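# Kindly generate the corresponding structure for this input.
(2 chains)
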Amino acid sequence: MNSSAESKTLLTFWGTRGSVSTPGRITEKYGGNTPCVTISHQDITIILDAGTGIRNLGLDLLREANGKGAPLTLHLFLSHTHWDHIQGLPFFQPAYREDTRLTIYGSSKKEKFLASVLKGQMDYEYFPVSMSALTADIRIQEMGKERIKLGPIEIELEEQVYHPAGSVRYGFNIYGKKIVFATDVELDLVFSQGRKSRKEKNHRDQYLAFIHGADLLIADGQFTEEEYAARIGWGHSSIPVILETASRAEVKQLAVFHHDPQHSDKFLDEIWLKYRTQYHAEGRGMDLFWAREGLTVAI
Amino acid sequence: MKSGEEQDGFTTTVEMVRTRFAETVPVRERAYLQILSPLERKRIIELGDSDIVIGRSPECDIRFIVENVSRKHARVFFHNEEFMIEDLDSTNGLFVNGIKIVRCALRNNDLIALGGVRLLFNEEKSLQPR
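Numbers count the residues shown, from 1 in each chain, chains lettered A, B, ... in the order given. As a prediction, the model looks like this:
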């Protein structure tokens, strides 16, 4: 494998908003669509979560596929099945094409099978089209602790207990480069000051080991410190905690993700400037940005 | 209300043809790059449906003989009703608001950096058809 092929891993944000989609003038820069990210390497397309951002991704994939006349092979990894992470799936046009092959991955440690949860959101009580109308070749693969491999990409999963009904984080290793997708987790519960139980300390150490040295960490940073105080137990992290934790784990680049619906573009710009300056001034060497729809970076 | 009818001694209403309102709705967006650095260059680059390649090469649509700018450094193009910028495998990278990017949907007041060049993306509603 030559070095240029090794270096061509692209990551694109299609939806960065948490909880609920927030269209409008004050959110057009960072975007109003709920979570969806792609990792593209060679001919492998990995999709992270199926929030409303997946609708635009689907249209883009079809435009590209129609141009090439090629069927689509897609791998969708779900962090969990709360609405904002699956609600775009019924609007994902490639799923309505027979020549699309879509594998959906998620945790095996749920009370309900992943297939039944996805089918449930397309029940006629909630949506006019049933899941059986998705004519693509859809396979659902529940993941345990075992690593899976897609071409040169090694994928690992770890459970995150600090979110109502749980969630999972994924690590992607591609020729020594590491991308971590770790949204929807309340890190403040284990990383804040104060006494921690052995179990909490274990969870803290596991998280630090999982993200350690990541070339890019996409992480939940929904609340400011002040907002978090009134939202304990909601399953999301405060910005100062994720910044400190990522810095401590020697993460090279951090994308703060799952923006609160109340946070306008102006507000996100202001907090980005505040923290970016702070981290650069302190010479910690971690690059930091707020994830934004329509942005593609290379890893 | 009939044309010229007195209401309360202060106001009158004038009959309007609905299509006149439609004529005044801005339907196209004007977008342009403002050159912040180097200062001696023409200050505005209008953006339209055609791609614009930026770099040092004479083949580029916008040419900057400036330190750390590659021969063909970046391309600005219109895609899905929005303007995008992408890096053309430049040596020193393309930055939007300080973030090294490969491709980015541009938003009003985005600051673009390529080598020693600084460009500001502006977008505004326009009554003029493009």
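# And the helices in the stretch 101-250 of chain A, which stretches?
A:114-120, A:188-191, A:198-211, A:225-228, A:239-248 (DSSP state H, counting those that start in this stretch).
# gap between the two ends of stretch B:63-76?
Terminal residues of stretch B:63-76 are spaced 13 Å apart (Cα to Cα, to the nearest Å).
# Roughly how far does the residue of chain B found nearest chain A sit from B:Glu82?
Relative to chain A, the nearest point of chain B is B:Ala105 (2.9 Å; Cβ to the nearest Cβ). (C-beta placed from N, C-alpha, C; glycine too.) Distance, B:Ala105 to B:Glu82, by Cβ to Cβ, to the nearest Å: 5 Å.
# how about the nearest residue to A:Val37, chain neighbours excluded?
Closest residue to A:Val37 apart from its sequence neighbours, by Cβ to Cβ, 6 or more residues apart in numbering or on different chains: A:Leu48 at 4.2 Å.
# now the one you found, which residues is it bridged with?
Note on A:Leu48: beta-bridge partners by DSSP bridges are A:Val37, A:Phe77.
# wait, it sits on A:Ile54?
No: counting by Cβ atoms under 8 Å, A:Leu48 stays clear of A:Ile54, with 9.8 Å between them.
# what touches both of those two?
Listed as contacting both A:Leu48 and A:Ile54 by Cβ atoms under 8 Å, 6 or more residues apart in numbering or on different chains are A:Cys36.
# What ranges in the chain fall below the confidence cut-off?
No chain specified, so I'll use chain A. Scanning chain A for pLDDT under 70 picks out the ranges A:1-7, A:111, A:280-284.
# I was after chain B.
B:1-10, B:16, B:18-28, B:126-130.
# near chain A, which residues of it show up?
B:80, B:82, B:84, B:86, B:96, B:98-105, B:107-108 (Cβ under 8 Å from any Cβ of the partner chain).
# mind running it again at 6 Å?
With the criterion set to Cβ under 6 Å from any Cβ of the partner chain, chain B comes near chain A through B:99, B:101-105, B:107.
# residues contacting the closest residue to chain B within chain A?
Using Cβ to the nearest Cβ, the single residue of chain A nearest to chain B is A:Gly294, 2.9 Å away. Applying Cβ atoms under 6 Å, 6 or more residues apart in numbering or on different chains to A:Gly294 gives the contacts B:Ala105.
# now swap in B:Ile65 and tell me
Per Cβ under 6 Å, 6+ apart, neighbours of B:Ile65: B:Arg56.
# Tell me which helix or strand A:Tyr275 sits in.
Assigned by DSSP states H and E, A:Tyr275 falls within helix A:265-281.
# Beyond that helix, next helix or strand please.
Next along from helix A:265-281, by DSSP H and E: strand A:287-290.
# Helix or strand next in line after that next one, which one?
Sequence order places strand A:295-298 as the next helix or strand after strand A:287-290, per DSSP H and E.
# on contacts alone, who are the packing partners of that next one?
On a contact count with 3 or more Cβ pairs under 6 Å, 6 or more residues apart in numbering or on different chains; DSSP states H and E, strand A:295-298 meets strand A:9-15.
# Tell me, how many residues neighbour residue 42?
Just so you know, I chose chain A. With neighbours defined by other Cβ atoms under 10 Å in any protein chain shown, the count for A:Gln42 comes to 14.
# you looked at the wrong chain, it should be chain B
Residues near B:Lys42, counting by other Cβ under 10 Å: 7.
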